[in-house]
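[1] my questions concern the predicted model and sequence given below.
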Amino acid sequence: QPELRTSRKSRKKLQVIICVLLVELCERFTFFGIVCNMILFCTVKLGYDNYLAAFINLMFVGATTLTPVLVGWFAETYLGRTKVLYLCAFLHFFTAMLPVVAFPFEDFYIDTHHITHQIEPREQQILFYTGLLAAALGIGGIRAILCPMGAYSLQGYNQHQLLSFFNFYWLVNLNSTVVFLGIAYIQQSVAKNLGFLIPFTSVLLALMAINMVRNKFTYKPKKGSLLTTLGVFLNSLRMCCIHYRHISGEVTSWLDRAKENNGGRYSETHVENVKVLARLFPLYGLQLFYRVCITQIPSGYYIQTMNSNLHMGDFLLPIGVMNVISILPLLLLAPLMELVTSCFLSTGKPPMAPIRVILGHVLAALSLLLAGFCELQRKTYPLVEQTLSGKVLQVSSMPCYYLAPQYILLGIAEALVTPTSFISFQLTPSHIRGISLHFLTLSYGGGCFLGAFIVMFLYLISGNFYPNVLHEGNLERFFFLLAILLAVNTLVLWRMSYYLDLSVQGKAVGVSPVTEKLLQYKACLQFYNTIELSYINNSVQSML
């Protein structure tokens, strides 16, 4: 009987893993189908300028980053997770259909007399923006309820199962790369009818979501309200203002003003949790400009590639091939970094996570600097005609693969900066890990919105910084400006690490590699002064 229960439990876990990964794959299929073609749609189909297309793209990516937090809170507070999941699955399918209706393929509206019927531009824009809004909500709900981060749902697994899961998850990322390329090629090639595969995957996702709900596969993330955390800050500010007018007495921290025994509205437990979390804010803040840099892949770099020669002989490369180049370093370096980390740990010298983060910021700044020089070089080439999505464009004759180094540098940077998510989640106290992850997500979304604001602001003060015709403008100045901002951001991070010791004190002996990998991030937490040693031990025990 015990063996039968163990066998059933193992099968249930395998079903959970397979369903979650398939749903995430289908969700990425729809998301990439929108992101990797939005600029092409906006410039070719809607006739938007480059700056406006990049602005819309960045706003959409930022919205899909923030909606998991908001939809997750709405599900917990009002409708419930099951109802919200059904609603988001419907929005997901609705989203995938609208672009097909708004931008039909040539044979979609052909009648018996072989006359193509087109939708008016105003109706196209209404359908397009409605689809983007529905996409942000639908994708956000799917990510919040069915696709939480691996660290959320794997705390009950042993080390072997943990590594096996992430190996499988790595393969899914590789499959997503192939999907990214496939969608990009479908949308700009003659095989346009295959684009209906995108709504089909949304239907598949909805069916798997329903199956997961019926079998109670959905994982309920860590409790903790983001709004309550923000409320503590607002109440503390309010009480500080009142204190200077009417109330006497001193407190050790201005956040203590929000405590009930000091006249505030929140319990001492809530306030103490927020005080611990507030020490991570330098980490979140320093991520903003780095995320602005990363978001140039689907915006600035995409426009630069679109205006380069995509032909390789008689074959027209999909624009998405350059995006895949930025993903490959992440796929290749992740196992290599794991191997190097294990080697360092075996010698008792754990590698430094803060150094990786700083090096990642440096490489991202170099990527932007290289993008600026490549833009100067691209404009020296003569113009040639190139057909994209049925429209003839005047582009530079410089081959697009000349831009590959800047994509590679940005991919390596992302592989190095990834440990910040581990710092934020795994080594914070278990009772506030959910809120910590929410704030890290807010910093990612904030980077997208900040990038969109910078694009709009630079266009308003100088249109040449983000020109509609690249060979007549100065897009390189935009890249140089971002490189300078990110360099300053990196310098601040380095100076803080210089004044605060980031070295790991002592050596961990006789523990597993997973434990060592978690303990190495203690160095970075000394930098941010985030948690006490007892919290570190509790976090390591909960992860194992």
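    Arrived safely.
[2] number of residues surrounding residue 335?
    Residue 335 has 12 neighbours, counted by other CB atoms under 10 Å. Just so you know, the C-beta spots here come from the backbone N, C-alpha and C atoms, and that holds for glycine as well.
[3] check which helix or strand it maps to.
    helix 320-346 (DSSP states H and E).
[4] same thing with residue 394?
    For residue 394, the host element (DSSP H and E) is strand 391-396.
[5] next SSE downstream of that strand?
    Next helix or strand after strand 391-396 toward the C-terminus (DSSP H and E): helix 404-417.
[6] show me what counts as buried in stretch 389-398.
    Under the neighbour-count criterion of 16 or more other CB atoms under 10 Å, stretch 389-398 has 389, 395-396, 398 buried.
[7] ends of it, how far apart?
    20 Å (CA to CA, to the nearest Å).
[8] which residues does that stretch contact?
    Contact with stretch 389-398 is made by 40-41, 44-45, 106, 187-188, 306-310, 377-379, 381-387, 469-471, as judged by CB atoms under 8 Å, 6 or more residues apart in numbering.
[9] can you pull the contacts of the spatially closest residue to residue 412 that is not a sequence neighbour?
    What sits nearest to residue 412 in space, not counting adjacent residues and going by CB to CB, 6 or more residues apart in numbering, is residue 329, at 4.6 Å. Counting by CB under 8 Å, 6+ apart, residue 329 makes contact with 408, 411-412, 414-415.
[10] quick one: which of those residues is most hemmed in?
    residue 411 (25 neighbours).
[11] hmm, back to that, now the contacts of residue 329 in CSV, with distance to residue 363?
    Listed next are the contacts of residue 329 as CSV, based on distance: CB to CB, whole Å:
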residue, distance to residue 363
408, 9
411, 9
412, 5
414, 9
415, 9
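[12] of those residues, closest to residue 285?
    residue 414 (18.7 Å; CB to CB).
[13] ok so, going back, give the rounded mean pLDDT of the strand holding residue 394.
    Here strand 391-396 scores 84 as its mean pLDDT.
[14] what's the answer for stretch 71-79, then?
    78.
[15] ok, now stretch 126-135?
    So the average pLDDT for stretch 126-135 ends up being 84.
[16] buried residues in it?
    127-128, 131-132, 134-135.
[17] same check, this time on stretch 80-87
    Of the residues in stretch 80-87, 81, 84-87 count as buried by neighbour count, 16+ other CB under 10 Å.
[18] parallel or antiparallel, which strands does the strand holding residue 394 pair with?
    According to DSSP bridges, strand 391-396 forms sheet pairs with strand 383-388 (antiparallel).
[19] what's the average pLDDT for the partner strand?
    84.
[20] what of stretch 7-17?
    Mean predicted confidence for stretch 7-17 is 68.
[21] how is the protein divided into domains?
    Using automatic domain parsing, the domain ranges for the chain come out as 1-220, 226-274.
[22] the ones you listed: lowest mean pLDDT?
    Going by mean pLDDT, the lowest-scoring of the domains of the chain is domain 226-274, which has a mean of 63.
[23] and the closest residue in space to residue 53 that isn't next to it in sequence, how far from residue 78?
    The shortest distance from residue 53 to any residue other than its chain neighbours is 3.7 Å, reached at residue 42 (CB to CB, 6+ apart). As judged by CB to CB, to the nearest Å, residue 42 and residue 78 stand 34 Å apart.
[24] the more surrounded of the two?
    Shown here are residue 42 and residue 78; by other CB under 10 Å, residue 42 has more neighbours (21 against 9).
[25] low-confidence ranges in the stretch 301-450 of the chain?
    The stretch 301-450 of the chain contains residues with pLDDT under 70 at 334, 337-353, 418-434, 437.
[26] hang on, the earlier thing: need the contact list for the residue nearest to residue 53.
    48, 52-53, 56-57.
[27] tell me which of these fall in helices.
    Secondary structure assignment by DSSP state H places 52-53, 56-57 of the contacts of residue 42 in helices.
[28] make CSV from those and add neighbour count and distance to residue 121 to it.
    Below are the ones in helices among the contacts of residue 42 laid out as CSV (neighbours: other CB atoms under 10 Å; distance: CB to CB, whole Å):
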residue, neighbour count, distance to residue 121
52, 19, 14
53, 25, 15
56, 21, 15
57, 28, 19
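[29] identify the farthest-apart pair in those.
    Taking CB to CB, the two most distant members of those are 52 and 57; they sit 9.6 Å apart.
[30] follow-up on the earlier one: just put the contacts of residue 42 in TSV and tack on distance to residue 19.
    Shown next, in TSV, are the contacts of residue 42 (distance: CB to CB, whole Å):
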residue	distance to residue 19
48	39
52	39
53	36
56	33
57	30
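[31] name the nearest of these relative to residue 443.
    residue 57 (19.3 Å).
[32] could you find the closest non-adjacent residue to the closest one?
    residue 38 (4.8 Å).
[33] which residue ranges of the stretch 401-544 of the chain form helices?
    404-417, 419-426, 433-461, 475-499, 513-519, 522-528, 533-543 (DSSP state H, counting those that start in this stretch).
[34] by how many degrees do the third one and helix 475-499 diverge?
    Relative orientation of helix 433-461 versus helix 475-499 (axes from the mean of the first three to the mean of the last three CA atoms, to 10 degrees): 140 degrees.
[35] can you check the first one too?
    Here helix 404-417 runs at an angle of 30 degrees relative to helix 475-499 (the same axes, to 10 degrees).
[36] can you list contacts of helix 404-417?
    290, 293-294, 296-297, 301, 322-323, 325-330, 333-334, 337, 356-357, 359-364, 366-368, 370-371, 374.
[37] mean confidence for stretch 279-295?
    79.
[38] stretch 467-487 too?
    87.
[39] could you find the closest non-adjacent residue to residue 47?
    Nearest non-adjacent residue to residue 47 (CB to CB, 6+ apart): residue 121, at 7.9 Å.
[40] tally of neighbours for the one you found?
    Neighbours of residue 121 using other CB under 10 Å come to 11.
[41] that one contacts residue 46, correct?
    Yes: if you go by CB atoms under 8 Å, residue 121 and residue 46 touch, sitting 7.0 Å apart.
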